[in-house]
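1. whatever this is, show me its structure:
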Amino acid sequence: MTISYFHRTRRRTPFAKSPGFTFLEVLIALCILLIALVPLIQLHVTSIRLIDSSSRAARATLLANAKLAEITATEIPELGRANGRIEESRGLTFHWRSIVEKADPPELAEAALLGIRHVHVEMSWREGSQDATVSADTFVRIPVQKKPKDTNDRNERDSGKTITSRSRL
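-> Residues are numbered from 1 along each chain as shown. Presented below is the predicted three-dimensional model:
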């Protein structure tokens, strides 16, 4: 038994159901999509703000470490306080403050580790309506010159040559 071509293909009338979407279904799908996208956009904006904030904190940390290295580059950092500001090209201004003070705890005096200085650098900047701060600390040991030992025995042994020694710790 053969089916004719006419029976396999059905003719559709203009009022028959089509497999597409109605306009109301499309509108409902768009509403659901917009309701889901609003929190995602807010999350994206929040992540951009956090990235900006962390990049400022990273920049301030680098500047604080650079200022700390500048202070400790001298052989003997001077005691006292200093401050200043650093202006970035993007309009961001960092304010720095440094404090160099003696730090000779009694525990270190017993171990003959004297001449230690504490160097503290603080970097601050304005973040929105609040101030943000990053600090860096280090300890520097000042070289203490020891008195030369009695070299009389050596001087006599070396036929009058004076031998002195200096040691840096």
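
2. what's near enough to touch residue 36?
-> Listed by Cβ atoms under 8 Å, 6 or more residues apart in numbering, residue 36 has no contact partners. No exception for glycine: its C-beta is placed from N, CA and C like everyone else's.

3. gap between it and residue 23?
-> Here the criterion is Cβ to Cβ, to the nearest Å. By it, residue 36 lies 21 Å from residue 23.

4. helix/strand/coil for the residue nearest in space to the middle of the chain?
-> Computing the C-alpha centroid of the chain and ranking residues by Cα atoms, centre = their mean puts residue 58 first, at 2.7 Å. For residue 58, the reduced secondary structure class is helix; criterion used: DSSP: H, G, I helix; E, B strand; the rest coil.

5. cool, the one 5 residues further on as well?
-> Applying three-state DSSP to residue 63 yields a three-state assignment of helix.

6. what number of residues lie near it?
-> 19 (other Cβ atoms under 10 Å).

7. quick one, strands of the chain?
-> Using DSSP state E, the strands of the chain run over residues 80-87, 93-102, 116-127, 130-141.

8. and among the ones you listed, the most buried is which?
-> When these are scored by mean count of other Cβ atoms under 10 Å, the highest mean neighbour count falls to strand 116-127 (a mean of 18).

9. okay, it in PDB with CA atoms only?
-> What follows is strand 116-127 as a C-alpha-only set of coordinates in PDB (Å, rounded to 0.1, in the frame of the first residue of the first chain):
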ATOM      1  CA  ILE A 116      69.200  48.900  66.600                       C
ATOM      2  CA  ARG A 117      66.800  51.400  65.100                       C
ATOM      3  CA  HIS A 118      63.100  50.900  64.200                       C
ATOM      4  CA  VAL A 119      62.100  52.400  60.900                       C
ATOM      5  CA  HIS A 120      58.300  52.900  60.300                       C
ATOM      6  CA  VAL A 121      56.900  54.200  57.100                       C
ATOM      7  CA  GLU A 122      53.200  54.900  56.700                       C
ATOM      8  CA  MET A 123      51.500  55.700  53.400                       C
ATOM      9  CA  SER A 124      47.900  57.100  53.300                       C
ATOM     10  CA  TRP A 125      45.500  58.200  50.600                       C
ATOM     11  CA  ARG A 126      41.900  59.100  50.200                       C
ATOM     12  CA  GLU A 127      39.600  56.300  49.100                       C
END
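
10. adjust the sequence numbering to begin at 528 for everything that follows.
-> Renumbered: residue one is now 528, and that last one reads strand 643-654.

11. residues in contact with that strand?
-> 580, 583, 587-588, 590-591, 594-595, 598-599, 604, 606, 619-631, 635, 658-669.

12. swap in stretch 566-585?
-> Under the contact criterion Cβ under 8 Å, 6+ apart, stretch 566-585 has outside partners 619, 652, 654, 659, 661.
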